[in-house]
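**Student:** Return atomic coordinates for the entry below.
(2 chains)
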Amino acid sequence: MRTRLAGFWRSMPLRLALLLVLLFSAVSLLSLAASYQVTKNSFENAIRADLRQDLAGFRAAPTARALALLVKAESRATNPNRVILSYLTPGGQIFGNATIARDDEGFHIVSLAGGQAELDGSYLALTDALHGGLLTIARSRAELLALRDLFINILLISLLPTVLIALSGGLILARRSKRHVEVVSRALDDMTSGNLGARVQFGPRWADDLRRIGGKLNQMAGAQETSVAALKQVSSDIAHDLKTPIQRVGVHLEDLARDLPEGSAQSAKLQHVRVEVDGIGATFQALLQLAQVEGGSARARFETVDLRALAETIVEVFDPVAAEAGQGLRAELPDAACLVEGDRALLGQMLSNLIENALRHTGPGHEVQVVLSQSGDDMCLSVRDDGPGIPEDQRDKVLQRLYRLDRSRHTPGNGLGLSLVDGVAKLHRADLVLQDNAPGLRVDVTFAKATGSIGNARS
Amino acid sequence: MKLLVVEDDATTGNYIARGLREEGHVVDLLANGRSGLIEATTGAYDVLIVDRMLPELDGLSLVKTLRGAGNRTAVLLLTAMGDVEDRIAGLNAGADDYLVKPFAFGELSARVAALARRPQSLEAETVLKAGDLEMNLVTRAVTRGGVEIDLLPREFALLEHLLRRKGRVQTRTMLLEGVWDLSFDPQTNVVETHVSRLRAKVDKPFARDLVQTVRGAGYRITE
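**Tutor:** Below you'll find the predicted structure:
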């Protein structure tokens, strides 16, 4: 879950959305801050202009006495919360609606109307010496403060919804693109696990770039499928077309064998030729069968197969051969039946190929083990030997058709046995792993339990 | 037996016909599907040997038409393909057995013989005999000339299979199918080894060999 979430945060659309939100927020904040500053400055300038105008009005008074009277008269009509008028006469008298006091903590505006109460708020003040006294006019900065609140409100109203919308849009896009990317990645998984017919299925609302990638992938898969199909077709055509002539050669050789006296040198030579011809026929048959197994149509015939019973039979069939060659063949099977959906004949041949392979590549005194085990929903059929094994870098190659290890070139076999094992495993969607048995080779074929869709449908 | 071979490849057709004639059968050889069908419906044959790929009417259609007309004559299909699917298609069409090219004549001959005696007696036998060998299917005791022979279960099954088909050749593939229900042929000589182990117990201590090797074909038990 945590990794899924982490993966989600790493998704490209979400990252883009976050980046956009950040950029947008930064730009909005900067522009709002700038306009606030400009507006505030112009407000302050306006207040200062007003103050200068007010002062000019008072300067018109001819004497200190006249000024004091004018201030007194004006003060009555003026709210000290907005405008403060204060005239300190040369005689030390104060006229006005408030005055400015000064103590250790700084300037205070003290109301003259209601006792000595201080006035809150900040003011812009202009002071001038007039007629020996000091005239102070101050205008409240309350409007400027209101301006700040206004800008904060604008910020909240405009920016917050934008951020939320961008974020949720990003999330939705991220989820959608995640789904699309998953479709592509599933198709790729399918292709790499051997289903060459797998394609990326577009939705109608896919983004163009993903469509292009998917389209290219489909093209590539199509080309690969065509060339693989052509290769298979060629090999089965060759195999098929050569079987009738091989049959004829066999017939002529049999005729020839009858004409030759038994036990003669020619007859022995002929016998070699016949063995070779039989080998060619068997190789073609194996190629044909491989092509058919890889075609996958056998899945339609799948039935429930008891791997345990099958392994028991095959081990029984090979037991005397192993004993004759001085090799051990030991089966380690569970007590209960191990049911898988599959083709009994092909599964039998797969196990038989693995056992033959192990017996062929280990000499007398060695032991081959067939182990069937069940863990959870998986069933593992394992054939292990203590022979020379297969070098790690060759393990994939031995599954290819007609590939043979250098040291095996002179042992019997056509290089198709393990290819068939691989083909049958893929047909059953089983997992084939070749590993080191330290010493020797260990081949594990892991099947999913029979209770797949088919099993469920049945029960 | 009277046999009909329908095969368009002359070499293979003549080879089959000649081999079967040498075994004492009466063999008719035809090279195309349509005349093969007409001959099969009019002549009274024991076994038909039909190639799958034939001119004019292919082998599968021939067998289907024959079965559709209610003709139950045993049919052995020959084919160059030989994958499981073809086999199933052949058997579904109504063929009784199936042989993949290239094949050895011994295999063909043994399978034709098996088909000819197809309606086997299904009566429950309890004791199988060949010469002085006796197999009791109930007690699972095997004796020869009164001497008890101790057999492993797989040896018992192999001997039972051969005894039930006394006198008839059983090829490797027929034994693999009949005894172990395996429809593929391992590269190793597994059948030979099983037979030689059986012989060591059933024949070796005694004067006469019951289990015979038929060269190029397989094994059989005789009286």
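**Student:** how about low-confidence regions in the chain?
**Tutor:** All of this is about chain A. Scanning chain A with the threshold set as pLDDT under 70 gives A:1-9, A:106, A:112-121, A:193-194, A:235-236, A:239, A:406-413, A:450-459.
**Student:** right idea, wrong chain: chain B
**Tutor:** Counting by pLDDT under 70, the ranges of chain B that qualify are B:82-85, B:118-123.
**Student:** Near chain A, which residues of it are found?
**Tutor:** Proximity of chain B to chain A, by CB under 8 Å from any CB of the partner chain, involves residues B:9, B:11-12, B:15, B:80-85, B:88, B:100-105, B:154, B:176, B:180-184, B:186-190, B:193-194, B:197. (Each C-beta comes from the backbone N, C-alpha and C, glycine too.)
**Student:** In the record's domain split, what are the boundaries for the chain?
**Tutor:** Picked chain A for this. With domains defined by automatic domain parsing, chain A comprises A:1-192, A:208-294, A:299-456.
**Student:** hmm, I had chain B in mind actually
**Tutor:** What automatic domain parsing lists as the domains of chain B is B:2-123, B:127-221.
**Student:** Including distance to residue A:363, could the ones you listed go into JSON lines?
**Tutor:** As requested, the domains of chain B are exported to JSON lines (distance: least, CB to CB, whole Å):
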{"stretch": "domain B:2-123", "distance to residue A:363": "31"}
{"stretch": "domain B:127-221", "distance to residue A:363": "15"}
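**Student:** Redo those domains as a markdown table? Include mean neighbour count.
**Tutor:** Listed next are those as a markdown table, based on neighbours: other CB atoms under 10 Å in any protein chain shown:
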| stretch | mean neighbour count |
| --- | --- |
| domain B:2-123 | 18 |
| domain B:127-221 | 17 |
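**Student:** picking that back up, most neighbours per residue, which of the domains of chain A?
**Tutor:** Of those, the one with the most neighbours on average (mean count of other CB atoms under 10 Å in any protein chain shown) is domain A:299-456, at a mean of 18.
**Student:** hmm, that one in reach of chain B?
**Tutor:** Yes - for domain A:299-456, a contact with chain B is found by CB under 8 Å from any CB, at A:301, A:313-314, A:316-318, A:320-321, A:324, A:343, A:345-346, A:348-349, A:352, A:356, A:359-360, A:412-413, A:417.
**Student:** So what's the gap between that domain and the chain middle?
**Tutor:** Counting by CA atoms, centre = their mean, to the nearest Å, domain A:299-456 is centred 35 Å from the centre of its parent chain.
**Student:** again with stretch A:288-299
**Tutor:** Relative to the centre of its chain, stretch A:288-299 is centred 34 Å away, using CA atoms, centre = their mean.
**Student:** So residue A:354: helix, strand or coil?
**Tutor:** Three-state call for residue A:354 (DSSP: H, G, I helix; E, B strand; the rest coil): helix.
**Student:** now do the one 4 residues further on
**Tutor:** Remark: residue A:358 carries the secondary structure label helix [criterion: three-state DSSP].
**Student:** In contact with it: list those residues for me.
**Tutor:** Residues near residue A:358 by CB atoms under 8 Å, 6 or more residues apart in numbering or on different chains: A:368, A:383-385, A:387, A:441.
**Student:** Just the closest of those residues to chain B, please.
**Tutor:** residue A:368 (12.3 Å; CB to the nearest CB).
**Student:** Pull up the pairing partners for the helix or strand the closest one falls within, direction included.
**Tutor:** Using DSSP states H and E, residue A:368 sits in strand A:367-375. Applying DSSP bridges, strand A:367-375 is found paired with strand A:328-332 (parallel), strand A:378-385 (antiparallel).
**Student:** What sits closest to residue 154 if chain neighbours are left out?
**Tutor:** All of this is about chain A. residue A:32 (6.6 Å; CB to CB, 6 or more residues apart in numbering or on different chains).
**Student:** switch to chain B, that's the one I care about
**Tutor:** residue A:316 (5.4 Å).
**Student:** what about the strands in the stretch 151-300 of chain A?
**Tutor:** For the stretch 151-300 of chain A, strands defined by DSSP state E, counting those that start in this stretch do not occur.
**Student:** returning to what we had before: which one of the domains of chain B lies closest to residue A:271?
**Tutor:** Across the domains of chain B, residue A:271 has its closest neighbour in domain B:127-221 (10.7 Å, CB to CB).
**Student:** Go ahead and list the helix or strand containing residue 38.
**Tutor:** If you meant another chain, say so; for now it's chain A. helix A:12-59.
**Student:** wrong one, I was asking about chain B
**Tutor:** Using DSSP H and E, residue B:38 falls within helix B:33-42.
**Student:** can you give me how far that helix is from the chain middle?
**Tutor:** Averaging C-alpha positions (CA atoms, centre = their mean) puts helix B:33-42 24 Å from its chain's average.
**Student:** Residues touching that helix, excluding its own?
**Tutor:** By CB under 8 Å, 6+ apart, the surrounding residues in contact with helix B:33-42 are B:4, B:6, B:28, B:30, B:48, B:50, B:54-59, B:61-62, B:65-66, B:69, B:71, B:73.
**Student:** hmm, 7 Å instead?
**Tutor:** With contact meaning CB atoms under 7 Å, 6 or more residues apart in numbering or on different chains, helix B:33-42 is reached by B:4, B:6, B:28, B:30, B:48, B:50, B:54-59, B:62, B:65-66, B:69, B:71, B:73.
**Student:** Understood, closing this out.
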